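Novice: Fold the following and give me the result.
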Amino acid sequence: MAAPEPRRWYRSLYWRIAIGFIVFLTATLLAQGGLFLWLSAQRDEALPSRLLGDLTRLVAEELTDAALREPEADLADLARTRFADLARPAALVLADGRVVAAGIDPPPALVNVTLRRLRAGDSGDWREPVFRPGRPRGRGPGRLDDERAALRALPAGPPWTMAPVRVGGQVVAAVLVARGRPLGAVARELAPWLAAGLAGLLLVGTALASLAVFRPAQNRLRDLEEAARRFGAGDATARASEAGGDEVASVARAFNRMASEAAAREAALVDADRARRQLLADITHELRTPLTAIRGYAETLTLPAFAPASPQGRQAVHVVDVEAQRLERLVNDLLDLARFDAGGAPLELAEVSVARLFTRVVERQGPAASAAHLTLDTTVTPGAEVVRGDERRLEQVLQNLTANALRHTPRGGRVWVRAERDADVVVFAVRDTGSGIPAEHLPHVFDRFYKADTARSDAGGTGLGLSIVKAIVERHGGALRVTSRPGVETCFEVRLPG
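Specialist: From the prediction side, this is the model:
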């Protein structure tokens, strides 16, 4: 069985599902984090106007105290330091016209109104601190018509509150604070905590999903894969676990049903094949007795004392004798195959002389070669003088291959029988200069009753010789192959362990 292809992790269904889950979980957590930041910013938008005014006055008082503690310090620098900790849109408008802004710049119209009040000092109207863009509040004395017009012209945006900064009893600046916090400021403040929380949730969620979801599924899929591999390797008892009610369990149950049905069919085929082999062995064995009698009587009828008087009768007896011999060879071949199939033909292994094998081949096949005007040569190269095997069966292999080569070699041709050593293997090669075997027939020459050229069916072969040769070679742990070039040569090669 071929080794399984190395698995690449990125092709694994487990990893694809796991990575997809992690990406989805990450996207979900990021979306939740963004929604949380947005809601945090929107929550600050709902801060009541009174509390926003109190915050503005508190910042103004802190700047007043800082200016009193550090008279030589620039109020603008003090404001920048304070605004850095405020984390919301704020601005300081000084009486000299300078503006220190943090977050977003206040509208120019609002700056102008603030400067007008600063120049008015304590006589300015500081009672209405909330400025709603596009919706000026007009109640209370001291509010000038042009100030109303300026506030009415404010662009749409968050409301602002105002509180004066007094130093030495004089209004020297005004603090402006807008309602709401920029999303960027909220993100900078909460991002580290959100990132840590998201990372923790991602790690914990991934770990829990791996342990509770992906790992059990992967183990069950691997169990199913292992069962399929064992079944493919020939273990008919391999089964997968059917625990659970999900799709993996359904696949496992389907596999187990398939394996059980395949095992049952295989068992039925084995039983049928065993019965066929036994029937074949029984039939061939029973045929030998009547065939022996037929041949005996046919040989008797060829004797002068019992031969028919007419030439036609003697010819008929000859035909009966020839066909009886052919049928006997067929029965013997069938019986040999039946024995090999059933494993009932034990080998008598010993050290066998290759030269002696070749001598017997020449003694038996030499007359047929001479009669057909063919040359039969044998060669034993150094190192191949001895082979371990069953001498009688190895002779049967060489006799069959040589007889087959002689039958298919035209008059004046040549047949070589050669033995040589190749590393730890002894190679027998039977080569002939016959007509060859077409390429489409080569894969089938060892099939039973198969003949590449039906025109030669009367040459005396049974169609089982090469099947028997293959069975004997395989019982010896060897290999058999054939090569052919039509019209040039054919070579059967037997490779046996040395």
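Novice: my guess is Val93 meets Asn112, correct?
Specialist: No: using CB atoms under 8 Å, Val93 is not in contact with Asn112; the gap is 9.6 Å. In this view, the C-beta of every residue, glycine as well, is placed from N, C-alpha and C.
Novice: any low-confidence regions in the stretch 251-400 of the chain?
Specialist: Along the stretch 251-400 of the chain, the parts satisfying pLDDT under 70 run over 276-282, 284-285, 334, 337-345.
Novice: and the helix or strand harbouring Ala275, what does it pack onto?
Specialist: Here Ala275 sits within helix 247-302, counting by DSSP states H and E. Identification of packing neighbours for helix 247-302 by 3 or more CB pairs under 8 Å, 6 or more residues apart in numbering; DSSP states H and E yields helix 215-232, helix 311-341.
Novice: got the residue ranges for the strands in the stretch 1-150 of the chain?
Specialist: Secondary structure of the stretch 1-150 of the chain by DSSP state E, counting those that start in this stretch: the strands cover 90-94, 99-102, 130-131.
Novice: most neighbours per residue, which of these?
Specialist: Counting by mean count of other CB atoms under 10 Å, strand 90-94 has the highest mean neighbour count of the strands of the stretch 1-150 of the chain, with a mean of 24.
Novice: Give me the sheet partners of that strand and which way each runs.
Specialist: Strand 90-94 pairs in its sheet with strand 99-102 (antiparallel), strand 170-178 (antiparallel), by DSSP bridges.
Novice: Redo these as a markdown table? Include mean pLDDT and distance to Ala316.
Specialist: A markdown table is the format used below for the strands paired with strand 90-94 (pLDDT from 0 to 100; distance: least, CB to CB, whole Å):
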| stretch | mean pLDDT | distance to Ala316 |
| --- | --- | --- |
| strand 99-102 | 88 | 129 |
| strand 170-178 | 87 | 130 |
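Novice: Quick one: the helices and strands packed on helix 247-302 as TSV, columns for mean neighbour count and distance to Glu391 too.
Specialist: Below are the helices and strands packed on helix 247-302 laid out as TSV (neighbours: other CB atoms under 10 Å; distance: least, CB to CB, whole Å):
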stretch	mean neighbour count	distance to Glu391
helix 215-232	16	40
helix 311-341	16	16
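Novice: May I see these arranged in JSON lines, with distance to Gly436 as well?
Specialist: Below are these laid out as JSON lines (distance: least, CB to CB, whole Å):
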{"stretch": "helix 215-232", "distance to Gly436": "38"}
{"stretch": "helix 311-341", "distance to Gly436": "24"}
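Novice: So for Leu198, which of those helices sits nearest?
Specialist: Nearest to Leu198, of all the helices and strands packed on helix 247-302, is helix 215-232, at 23.5 Å by CB to CB.
Novice: picking up where we left off before, any idea of the angle the helix holding Ala275 forms with helix 311-341?
Specialist: On the basis of axes from the mean of the first three to the mean of the last three CA atoms, to 10 degrees, helix 247-302 is oriented at 150 degrees to helix 311-341.
Novice: Buried residues, stretch 103-121. List them.
Specialist: By 16 or more other CB atoms under 10 Å, the buried positions in stretch 103-121 come out as 103, 106-107, 109-115, 117-118.
Novice: Show me which of those has the smallest pLDDT value.
Specialist: Here the lowest pLDDT out of those sits on Gly103, with 75.
Novice: could you measure it against Arg57, distance?
Specialist: With distances taken as CB to CB, to the nearest Å, Gly103 is found 19 Å from Arg57.
Novice: for Asn256, same thing?
Specialist: 81 Å.
Novice: what about the strands in the stretch 351-498 of the chain?
Specialist: 375-380, 386-390, 414-422, 425-432, 479-485, 489-497.
Novice: Show me how far the helix holding Ala275 is from its chain's centre.
Specialist: 39 Å (CA atoms, centre = their mean, to the nearest Å).
Novice: what's the neighbour count on Ala368?
Specialist: Ala368 is flanked by 15 other residues according to other CB atoms under 10 Å.
Novice: just checking, it touches Ala403?
Specialist: Yes: checked against CB under 8 Å, the pair Ala368 and Ala403 is within contact range at 7.5 Å.
Novice: Could you name every residue contacting both of the two?
Specialist: In terms of CB atoms under 8 Å, 6 or more residues apart in numbering, Ala368 and Ala403 are not both contacted by any residue.
Novice: ok, Asp85 - how many residues close by?
Specialist: Other residues close to Asp85 by other CB under 10 Å number 7.
Novice: Over to Ala419?
Specialist: 24.
Novice: out of the strands of the stretch 351-498 of the chain, nearest to Thr359?
Specialist: strand 375-380 (8.1 Å).
Novice: Report the buried residues of the closest one.
Specialist: So, applying 16+ other CB under 10 Å, buried residues of strand 375-380: 376, 378, 380.
Novice: May I have the residues that are in contact with the last one?
Specialist: For Val380, the set of contacting residues under the criterion of CB under 8 Å, 6+ apart consists of 354-355, 358, 418-419.
Novice: And the furthest pair within these?
Specialist: Across those (CB to CB), the longest gap, 12.4 Å, separates Ala355 and Arg418.
Novice: Look at the two and report which has more neighbours.
Specialist: Arg418 (18 against 14).
Novice: check contacts around that one.
Specialist: Listed by CB under 8 Å, 6+ apart, the contact set of Arg418 reads 378-381, 428-431.
Novice: let's go with 7 Å and repeat that
Specialist: By CB atoms under 7 Å, 6 or more residues apart in numbering, Arg418 lies in contact with 379, 429.
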